[in-house]
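**Q** Give me a model of this one.
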Amino acid sequence: MYSPQVIDHHKNPRNVGMIKDADGVGTVGTPASGEMIKFWIRVHGGRIVSAKFKAFGCPTVIAAGSVATQLAANTTIEEALNITHRQIDDTLGGLPQEKKRYAIGAQKVVQSAINDYISRVTD
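**A** Sure thing, here's the model as predicted:
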């Protein structure tokens, strides 16, 4: 059911943790729903220099969060805003239809963290 990429990112998730005093933080999902991703970014010179996440739920939500950190790190804010759920899905080896919502959630959490960052620098 799970691709080798999902299994790898679930068993060995990359960039797990939080960033103290992050420049942007996003959350998608809730503990009540049983699945949640929280995403932190550190930005320097208009680039995301670090991205970390914490997630709970099925293996796919953890794998999607892991991949999202890899895709967002070392990109400009604009590039990271253009990360799509399809890129996340493809990186995970193509998710079954009933699991694609996790790639969508990972895209949304990256955007949420970036929007939080933008709101902080424009206030």
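**Q** in the protein, which spans are strands?
**A** Per DSSP state E, the chain carries strands over the ranges 24-30, 35-44, 47-56, 75-76.
**Q** What lies in contact with stretch 31-45?
**A** Outside of stretch 31-45, the residues within contact range by Cβ atoms under 8 Å, 6 or more residues apart in numbering are 18-19, 22-30, 48-58, 61, 64-65, 68-69, 72, 77, 80, 102, 105-106, 109-110, 112-114, 117. Bear in mind the C-beta positions are built from the backbone N, C-alpha and C, glycine included.
**Q** From Lys108, how far out is the closest residue in space to Gly94 that isn't next to it in sequence?
**A** Distances taken as Cβ to Cβ, 6 or more residues apart in numbering place Ser3 nearest to Gly94, at 6.6 Å, with adjacent residues excluded. If you measure Ser3 against Lys108 using Cβ to Cβ, to the nearest Å, the figure is 22 Å.
**Q** Gly34 too?
**A** Taken as Cβ to Cβ, the span from Gly34 to Lys108 is 17 Å.
**Q** of those two, who's got more company?
**A** The residue with more neighbours, out of Gly34 and Lys108, is Lys108; 18 against 11, by other Cβ atoms under 10 Å.
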